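1. curious how this folds, go ahead:
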Amino acid sequence: MHDKKEQLESLCAEKLGPGDITELTQLSGGASMESWRFCYADRPLVLRRLPFLSVPTAAFQDDIGADNDVGSISLATQAGLIDYLHRRGLKVPEVIAELPADGELGEGFIMSCVEGEALPNRLLYKPEYANACQHLSSQCARELAHIHSIDPADLPPTLPVQSPRVLLEEQERFYRQFGSSNPVFELAFGWLARHCPEPQEYRLVHADFRMGNFLVDEDGLTAVLDWELAHIGDPLRDISFLCIPSWRFGQYDLEAGGFATQEQWLADYEKASGKRVPRENFDWWMVFNILWWGVTCLRLGSTFRDGSVPTVERTIIGRRISEVEIDLLLALEGQRPGTGRPLTAPPENLSPELPTDEEVQYVEVVSALTQWNKNEVLAAASGHGIFASRVANNALGIVDRALQLGTPYAQRQTQRLTAIGYDSAALATALRTDFELCISEVIWDHLRLTTLERLTIDQPRYAGRAVALKRWCGSKALD
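-> Down below sits the predicted model:
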C-alpha cells in the first residue's frame, strides 16, 4: 500500500484540498478486508479496501457477485449505505470518498476515523474500559434498535433481500462446494432445515453485529463498523449474532459479546425497540449464526489452498471450524432427550520420548521455529507485523500438537466408528436426514469426543472447550 501513497494523496487532495499523507499504517485483523489508518492534512482517516491479494474464484461468485470471498455487498453499496446511515444520525463513520473503479488503489473507500478502541481483548480486559463495558449492552441495544427501525424502502435498492430459508440454502450450497462431510455440520444443517422460521418483519440487518466491529471509548459505543454483509432480512439475525460463542473472546458465560448476559442483552433490546424477542426463533438464529461462521471459516481457509489469498491467517481461520463444532454441539444438545453419558477427556500427553541417537525430529523443528518467531521476529515487529507474528506462532502450535496427537486421535476415532458401524462420511449423511440418530448414546459420545480431540489440537485454550469439558466429562470413565 505504501507504493500507492501518491494515488491516495491525489484522491484526498481532490476531495479535501491540499495536504500530505502521514502515519500510513495497516490496522490489525480483517479477515476479508484491509483497513489502513492515515492522516491527511493532520485529519485522521481510514482507507477500507479489498486486499490486492484477494482474487475471487468462481466458487464465490455464484449469486452474490465477486466483491469479496465471503459474500458481501459491493464496496460502492457499502459506501452508499454508510453515508445514508451517517446522515440519519447513526454511529457510523462519515464517508469521504470512494476509490475510482479503474484506479490503481483497487476497490474501496475513505472514511473519517472515529475515536475508539476496536480490539476486544483490550476492551474486555483493560481496566480503563470497565465502565464502558457496563453500559455496552444498553448502548448497543439502542443502536441496533435504531438500525432496525429504518424503513427498507428508504435504503439503497441494491441491498439484497434474504429470508432465513434463502440464507440457509445459500450456506449449504457454499458448504457442498468443498465436498465437505462434517458430521456435526450435517447434524446442524438438518435441524435448521426442519425448524426454519418465518420472520415477523423484514428490516435492515447488519449481519456482523459483534465485538471487533464496534469502536468503544471510555464512555461506551462510538461507532458500528464493517457493513459489508448488510441486507434486508430478519432482525433476529443481528440480535442473536452478538451472542455467537466464538465472538465472546474468552468470556464464555457472558453470552452477549463477552460483556453482558443473554438475558440482559435481550431485555435491553426489547426496551430499546419496544418489541418482544421470540425466544424460539432466537434459538434457531443462534444455531444458524454459529454454523454460518463455521462455513465462513471453511470458505476463508479455502482461499489459501486455491492461492487467491495466500496468507497464514487464512490457514488459521480454516482450522477454527473445530471451535464451531463444539459450539454447535453445546447449542444442540438441548434438542435431544437426556444429558448424555459422562465422558473421559481425551488424553493430551500421548507423545513418546524423543530418541536421543537419531536425526532432529519434526516436532523439534517446529519448536525451533516457534522460539525463533517469538524471540526474534515478534520482538522486533511493530504494527501489523505483531499481529502476523502471533498468527504464525498459533499456526506452529497447531502443527506441533498435530504431530504429537493427530495419529493416536485418528486411531481412536476409527475404533469408535467401527464399533457403531459407520465411516465418517456415512455418519455425516445419516445425521443430515435423521436428527434422532444423535439420541443414540454411542453416536452422541463419538461426536463429542471427536470434537474435543479436534479442538485439543486446533485451539486447546478456546473457552468453549473448557465449558464442554466441565459439562461432559464426569468422574465415570468411558471406554
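2. for the rest of this, base every contact and every neighbour count on C-alpha atoms.
-> OK.
3. is A392 part of a helix or strand, or is it coil?
-> State at A392, reduced to three classes by DSSP: H, G, I helix; E, B strand; the rest coil: helix.
4. how many residues are close by it?
-> Per other C-alpha atoms under 10 Å, the neighbour tally for A392 reads 22.
5. show me what R203 is bridged to.
-> For R203, the beta-bridge partners under DSSP bridges are G233.
6. tell me the confidence at it?
-> What the model reports as pLDDT for R203 is 97.
7. could you check how far it is from E359?
-> Remark: distance between R203 and E359 (C-alpha to C-alpha, to the nearest Å) = 63 Å.
8. name the nearest residue to I73, ignoring sequence neighbours.
-> E228 (5.5 Å; C-alpha to C-alpha, 6 or more residues apart in numbering).
9. ok, the one you found - contacts?
-> 72-75, 78 (C-alpha atoms under 8 Å, 6 or more residues apart in numbering).
10. same deal with R37?
-> R37 touches 23-27, 44-47, 113, counting by C-alpha under 8 Å, 6+ apart.
11. mind doing that once more with 7 Å?
-> Contact partners of R37, counting by C-alpha atoms under 7 Å, 6 or more residues apart in numbering, are 24-27, 45-47.
12. what segments of this structure are strands?
-> Secondary structure of the chain (DSSP state E): strands at 21-26, 34-40, 43-49, 95-98, 108-112, 203-205, 214-217, 220-224, 231-233.
13. any chance of the ones you listed in JSON lines, plus distance to L167?
-> Putting the strands of the chain into JSON lines (distance: least, C-alpha to C-alpha, whole Å) gives the following:
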{"stretch": "strand 21-26", "distance to L167": "33"}
{"stretch": "strand 34-40", "distance to L167": "26"}
{"stretch": "strand 43-49", "distance to L167": "25"}
{"stretch": "strand 95-98", "distance to L167": "29"}
{"stretch": "strand 108-112", "distance to L167": "26"}
{"stretch": "strand 203-205", "distance to L167": "13"}
{"stretch": "strand 214-217", "distance to L167": "24"}
{"stretch": "strand 220-224", "distance to L167": "23"}
{"stretch": "strand 231-233", "distance to L167": "10"}
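14. so which of these is nearest L403?
-> strand 34-40 (33.2 Å; C-alpha to C-alpha).
15. roughly how far is the closest one from the heart of the chain?
-> 23 Å (C-alpha atoms, centre = their mean, to the nearest Å).
16. same question, stretch 302-321
-> Offset of stretch 302-321 from its chain centre (C-alpha atoms, centre = their mean): 13 Å.
17. same question, stretch 37-44
-> Distance of stretch 37-44 from the chain centroid (C-alpha atoms, centre = their mean) equals 30 Å.
18. distance check, A381 against P18.
-> In this view, A381 and P18 are 33 Å apart by C-alpha to C-alpha.
19. do the same with E313
-> Taking C-alpha to C-alpha as the measure, E313 falls 38 Å from P18.
20. more crowded one of the two?
-> Neighbours around E313 and P18, counted as other C-alpha under 10 Å, are more numerous at E313. The numbers are 23 against 12.
21. not counting sequence-adjacent ones, nearest residue to that one?
-> Nearest one to E313, counting by C-alpha to C-alpha, 6+ apart, is V391 at 6.1 Å.
22. read off the pLDDT value for the nearest residue to G190 once chain neighbours are set aside.
-> What sits nearest to G190 in space, not counting adjacent residues and going by C-alpha to C-alpha, 6+ apart, is R432, at 4.7 Å. For R432, the pLDDT comes out at 95.
23. distance of the residue nearest in space to the middle of the chain relative to I317?
-> When C-alpha atoms, centre = their mean is applied to the chain, the residue found nearest the centroid is W293 (5.3 Å). Distance of W293 to I317, given as C-alpha to C-alpha: 10 Å.
24. if we can go back for a sec, just among the contacts of E228, which is most surrounded?
-> Among the contacts of E228, the one with the most neighbours (other C-alpha under 10 Å) is Q78, at 23 neighbours.
25. is it in contact with D226, as I believe?
-> No - the pair Q78 / D226 is not scored as a contact, 8.7 Å apart, by C-alpha atoms under 7 Å.
26. let me see the contact set for T303.
-> 309-310.
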